[in-house]
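J.: Prediction below, plus the sequence it came from.
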Amino acid sequence: MTERSSTDNRLQSKIDTSVPHSARIWNYWMGGKDNYAADREAGDAYIAQFPGIVALAKQSRQFLIRAVHHLAAEAGIRQFLDIGTGLPTMQNTHEVAQRVAPASKIVYVDNDPLVLAHARALLRNTTDEGVTGYIDADLHDPDQIVADARNILNFTQPVAVMFMGVLGHVSDYDEVRSIVGRVMEAVPSGSHLVLWDSTNTSEGFDEAQQGYDDTGAVPYVLRSPEQVRDCFEGLELLDPGLVSISLWRPDPAGTAAVAVDGYGAVARKP
């Protein structure tokens, strides 16, 4: 048995497919295939309480695509630090960036054994010129994330720092601000922050999330748009500022955008 297959087996042994898992449920809502019956059952129960979760999940990926494309194509960013990447689905950060600029460097960060088990497939699909790396690190330890990312990214050049719907896993809001601030402090002028999170802008969403949390699953805190906005303090918001993610520079040729219960923005570090 090779070292790689042995590692894969150890990772798989940590994954219980009979218990719903938030990353797999999100994958299910996005239309992905990396989920199991327990995840689909939990996902359907959530949908029954809050049907808007499916649109939010799908719009979250569209926001990522538009934001990363803008940064690579128009802002000239060639380095991306995607913290809390979750399960790969379609149009992942490195695919969007390297399609525009093949030499782009992307570092994904997560510490979930399930995500780690899928990371190798993600890393194989990259360009010859670019670099795609994966760091096994905890969202709650931004200093370690930065230290490990320095082994791949050049922190004297601009970096796009991404927190895509993950900060609700941090229960204390002051810690959320600290995590974002410490990472942004480490990157140079001209870097960008791409951040969105689920918001408490719908009573149905609040009720569905509380019901999910009450099952004993890892809880997720829905925050106000104002709290999301405060994560960008000291940065220059790009137009249109902080908005529902479906309304951030939507495709003018597409169908009319409808607001979802997730707010986000892209901002530049002066």
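T.: Received the coordinates, thanks.
J.: show me where pLDDT drops low in the stretch 51-200 of the chain?
T.: Applying pLDDT under 70 to the stretch 51-200 of the chain picks out residues 120-125.
J.: what are the ranges of the helices in it?
T.: In the stretch 51-200 of the chain, the helices defined using DSSP state H, counting those that start in this stretch lie at 52-73, 93-100, 113-124, 142-149, 173-186.
J.: measure the closest residue in space to residue 106 that isn't next to it in sequence to residue 26 for me?
T.: Closest residue to residue 106 apart from its sequence neighbours, by CB to CB, 6 or more residues apart in numbering: residue 94 at 4.0 Å. C-betas here are computed from N, CA, C, even on glycine. According to CB to CB, to the nearest Å, residue 94 and residue 26 sit 19 Å apart.
J.: So if I had to pick from the two, which one is more boxed in?
T.: residue 94 (26 against 21; other CB atoms under 10 Å).
J.: Spit out the contact partners of the most centrally placed residue in the chain.
T.: In the chain, the centroid-proximal residue (CA atoms, centre = their mean) is residue 164; its distance is 2.9 Å. With contact set as CB atoms under 8 Å, 6 or more residues apart in numbering, residue 164 has these partners: 60, 63-64, 82, 84-86, 194-196.
J.: one step back: if I read this right, the residue nearest to residue 106 contacts residue 80, doesn't it?
T.: Yes. Using CB atoms under 8 Å, residue 94 is in contact with residue 80, at 7.5 Å.
J.: what residues do these two have in common as contacts?
T.: Common contacts of residue 94 and residue 80 (CB under 8 Å, 6+ apart): 104, 106.
J.: can you list the contacts of residue 164 in TSV and add distance to residue 254?
T.: Converted to TSV, the contacts of residue 164 look like this (distance: CB to CB, whole Å):
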residue	distance to residue 254
60	16
63	13
64	16
82	25
84	27
85	26
86	24
194	20
195	23
196	19
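J.: now, among these, which is nearest to residue 248?
T.: The closest of the contacts of residue 164 to residue 248 turns out to be residue 63 (CB to CB; 5.7 Å).
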